[in-house]
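J.: from the sequence below, what's the structure:
(2 chains)
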2 protein chains.
Amino acid sequence: MFNKLTKEDVKSLEAMLPGRVLDGKTINEDYYHDELGTAFGVPEVLVKVLSTQEVSDVMRFAYEREVPVVVRGSGTGLVGGAVAIHGGIMLDTSQMKSILELDEDNLTVTVQCGVLLMELAAYCLDHGYQYCPDPGEKSATIGGNISTNAGGMRAMKYGVTRDAVRAMTVVLPTGEVMQFGRKVVKNSSGYDLKDLIIGSEGTLGIVTEATLKIIPKPEFAISILVPFRSMGDAIRAVPKIIRAQVTPVATEYMSQDVILFAEEYLGKKFPTHASDAYLLLTFDGNTREGVMHDMEIIADLCLENDALDVFMIDTEERSASVWSARGAFLEAIKGSTDQMDECDVVVPRSMVADFILYTHEIASEVGLRIPSFGHAGDGNLHIYLCRDGLEQSEWERRKDLAFLKMYNRANEMGGLVSGEHGIGLDKREYLVDLLGERQIEIMRGIKKVFDPKGILNPGKVI
Amino acid sequence: MFNKLTKEDVKSLEAMLPGRVLDGKTINEDYYHDELGTAFGVPEVLVKVLSTQEVSDVMRFAYEREVPVVVRGSGTGLVGGAVAIHGGIMLDTSQMKSILELDEDNLTVTVQCGVLLMELAAYCLDHGYQYCPDPGEKSATIGGNISTNAGGMRAMKYGVTRDAVRAMTVVLPTGEVMQFGRKVVKNSSGYDLKDLIIGSEGTLGIVTEATLKIIPKPEFAISILVPFRSMGDAIRAVPKIIRAQVTPVATEYMSQDVILFAEEYLGKKFPTHASDAYLLLTFDGNTREGVMHDMEIIADLCLENDALDVFMIDTEERSASVWSARGAFLEAIKGSTDQMDECDVVVPRSMVADFILYTHEIASEVGLRIPSFGHAGDGNLHIYLCRDGLEQSEWERRKDLAFLKMYNRANEMGGLVSGEHGIGLDKREYLVDLLGERQIEIMRGIKKVFDPKGILNPGKVI
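T.: Numbers count the residues shown, from 1 in each chain, chains lettered A, B, ... in the order given. You can find the predicted model right below:
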């Protein structure tokens, strides 16, 4: 249904982007898959773009030639979203790395899409500000974060990527350049195209620049690590935390096995790993007294609800070590097995304990190791199915069965397929099961409005 | 292009909704217009619905018969959005007033669309919670608030209606009932249909129920009223407030003339009205010290930036009186003239002073009285053009000229047509000017996906 690129086509692209077009064997195999490697596809050409204008030029060309285009940032996705399953052009935005503007009067920063989350975060901190979203994968690009509406650790207090995007420059599949949103706080001016693009996983348009909300950096922050006898005990404390008159920045849960993997992976010790389950909470604010007051309320609440102890993480060094361990969980679990796949469900926060206990049931029922960690404070769990040397067909059978059970249970609980990693290629069938055919049909209709020829990231999401 | 309702049709509707169908002269003329009365239209029938099922039944009927439907809550709109300009069915949701669930574990409240903002706010406070959005018009319905993405006073700290909606039950133009969003905090599960419906002014679907985010009620709040020598002085202090490490809940600006109207309208005195311009700020939090600390930082900042004084509004009574005056500004200005129209632009926050000064220029240039007030902290201004007895054609000439100039200037400043009142019937041409024909075309495409026959609130927004 799509055209293949001819030699002439490749020459035309080279004329557009001299020295930044690769094809055939010159494309590194890393571009055939994403972080988890569940999906596989070989792009016919890889083009490295530097500007909105270049993205527009490439899209005009692709639209006219009816060639599929897949946009790729750092390739840190987990659901096969940025894999070129239909060949065509892979548009690599990782060199669009300029920070274009810091607007201190309006508290925004405007960046190109290829800026890494860690670069943006550091830039803001250096200038006395905080970019609030804090997804675990710091080497993801901002474009990638927007494309999956990445959530991260601080969503409980500060919201997700969607909440941080004020405006975007978007290149449509036709090559037209649009401005969605403005540098404003309120907006009731026509349909919300900005939010439609956010989370659409590069299927409706290409976000080339984004104007993001920042806040003055909170003056003080403190974390506590709270051990519990069991995962059930730990998670059952969470609804009480949510109902308290204090909003932690983060409320993460983690189990002993995951901490042990992280210690091995990083070659560093966690402050404690003697208990079965932990909550890691952070508090921030502008006065030390206020932050300590908040922390003490929650620490007491945890102790009243079966916590075994409360460890203050009150030095920068200790905090960096604990949070770097938290940031390494995915890699650490990956290092513990030969292959894995993941489930990124989000459930109502009151259901987190039940859901995690259910994954333990599934683990023994299906015969798979299923470690997990995640954002207890916002109901978003990261659950990993580990292959552990299983033979291919058996691995797939058990994995599919486990996924089906988990997504069905999430649906029954009023949850959704993905909290922040997206649908990509891998989770499409579960999305249909959960939302129903009619909603998918509406989404397909919207896709057609933006992309009548269906060339932008075909076969993904819907 | 649409069918007119026959006597048979009216009988069918009566069979569906016994005793809740009005037609012809039995429809009160209030239903012919909204709050400002800029647009006019006579519905053929008025139906009062009680449930999602009834809304679905009416829509199935209307879709099959190709009859236009306009949804109406309290009729407090300001841009002709809920006026039946093509006749047809007016679907009155104001009796859908049930509060369906308070979920304290997940911090949500689920309501029918006809619940009034003031009822919802009071219900939440009674239970120890706060519904964060606080639009000025307290007798608007929640459905109406969602349809325009109403912002209100607390947007600076707590966001707008969009930020408070976790999930919605939506009846499509076909009568199908959909669930968009879930009772979850994060979501990366397909295109964001929930946010597409929010702010679509009843043109894509009918929101019949909404699950809304609430927070534990902050323990302490304090307001300050800060007089300045001039509007310029007042607004120039705002960017400094925004950059401070303290986020006020609200930062409203008001001029002396508007305060005087409000005093007359309410028959109550404001704490002070001796100065030309004022900022009204509120701070909240869970400790008195924290709130006082925040307030003092901003009070000092105001005094360093040409404030004449700082009045603490520290009793409940005083606070209620000031904020009720603020809530009455629209009505008070309306009472000061025979007819008025309004401009609800939103501009980058750094541009507010320039924009207000520009409206003063226009006032003398065009020859219209143009009082204004608004949300300085989020860049959303409410600007009123007063007819003051002008002859009809002259009023329209001057008004159109003033609007054109203002929206053009807003566009140049990177602003938008509407911050929270919407586009409705009245602001459509300005929306096209600002977004461009191509974005409107995309919006029309989306409209067609949801409403292939174009029966739901035809002629509005796009």
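J.: how far away is the residue positioned nearest the centre of chain A from B:Met168?
T.: With distances taken as Cα atoms, centre = their mean, A:Ala150 lies nearest the centre of chain A, 3.7 Å away. Going from A:Ala150 to B:Met168 by Cβ to Cβ, to the nearest Å gives 23 Å. Glycine gets a C-beta too; all of them are placed from N, C-alpha and C.
J.: mind listing what's buried along stretch A:287-307?
T.: A:287, A:290-295, A:297-299, A:301-302, A:305, A:307 (16 or more other Cβ atoms under 10 Å in any protein chain shown).
J.: for chain A, which helix is longest?
T.: Counting by DSSP state H, the longest helix found in chain A is helix A:392-412.
J.: after that one, which helix or strand is next?
T.: Downstream of helix A:392-412, the next assigned helix or strand under DSSP states H and E is helix A:428-435.
J.: which helices and strands does the next helix or strand along the chain from that next one pack with?
T.: Following helix A:428-435 in sequence order, the next helix or strand is helix A:437-450 (DSSP H and E). If you count contacts as 3 or more Cβ pairs under 8 Å, 6 or more residues apart in numbering or on different chains; DSSP states H and E, helix A:437-450 packs onto strand B:177-181, helix B:193-197, helix B:437-450.
J.: give the contact list for A:Asn457.
T.: Counting by Cβ atoms under 8 Å, 6 or more residues apart in numbering or on different chains, A:Asn457 touches A:Pro68, A:Val69, A:Val70, A:Val71, A:Gly81, A:Ala82, A:Glu201, A:Gly202, A:Thr203.
J.: beta partners for the third one?
T.: Counting by DSSP bridges, A:Val70 is bridged to A:Met90.
J.: is there a neighbour count for it? I'd like the number.
T.: 28 (other Cβ atoms under 10 Å in any protein chain shown).
J.: and if you look at the last one?
T.: By the criterion of other Cβ under 10 Å, A:Thr203 has 27 neighbours.
J.: surely the residue nearest to the centre of chain A touches A:Asp163?
T.: No: checked against Cβ atoms under 8 Å, the pair A:Ala150 and A:Asp163 is beyond contact range at 11.4 Å.
J.: identify the contacts common to the two.
T.: A:Pro133.
J.: close to chain B: what parts of the stretch 201-350 of chain A are there?
T.: A:204, A:215-219, A:239, A:242-247, A:285-287, A:289-290, A:293-294, A:344, A:346-350 (Cβ under 8 Å from any Cβ of the partner chain).
J.: hmm, back to that, turn the contacts of A:Asn457 into TSV, columns for pLDDT.
T.: Shown next, in TSV, are the contacts of A:Asn457 (pLDDT from 0 to 100):
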residue	pLDDT
A:Pro68	98
A:Val69	98
A:Val70	98
A:Val71	98
A:Gly81	97
A:Ala82	97
A:Glu201	98
A:Gly202	98
A:Thr203	98
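J.: who wins for most neighbours among these?
T.: Neighbour-wise, the contacts of A:Asn457 (other Cβ under 10 Å) top out at A:Ala82, 31 neighbours.
J.: A strand includes it, no?
T.: No: counting by DSSP: H, G, I helix; E, B strand; the rest coil, A:Ala82 is located in no strand; its state is coil.
J.: secondary structure class of A:Val109, three-state.
T.: A:Val109 - assigned by three-state DSSP - is strand.
J.: please read the previous query as pertaining to A:Thr251.
T.: strand.
J.: hmm, A:Pro239 and it touching each other?
T.: No: with contacts counted by Cβ under 8 Å, A:Thr251 stays clear of A:Pro239, the gap being 10.8 Å.
J.: looking at those two, which one has more neighbours?
T.: Per other Cβ under 10 Å, whichever of A:Thr251 and A:Pro239 has more neighbours is A:Thr251, with 26 against 21.
J.: give me the nearest residue to that one, chain neighbours excluded.
T.: For A:Thr251, ignoring the flanking residues on the chain, the nearest one in space by Cβ to Cβ, 6 or more residues apart in numbering or on different chains is A:Gly377 at 3.1 Å.
J.: tell me who's in contact with that neighbour.
T.: Contacts of A:Gly377 by Cβ under 8 Å, 6+ apart are A:Ala155, A:Met156, A:Val238, A:Ile241, A:Ile242, A:Pro248, A:Ala250, A:Thr251, A:Glu252, A:Arg349.
J.: so the second one sits in a helix?
T.: Read that as A:Met156. Yes: counting by three-state DSSP, A:Met156 is located in a helix.
J.: tell me how far the helix or strand of chain A with the lowest mean pLDDT is from the chain's mean position?
T.: Scoring the helices and strands of chain A by mean pLDDT, DSSP states H and E places helix A:316-327 at the bottom, with a mean of 84. Averaging C-alpha positions (Cα atoms, centre = their mean, to the nearest Å) puts helix A:316-327 20 Å from its chain's average.
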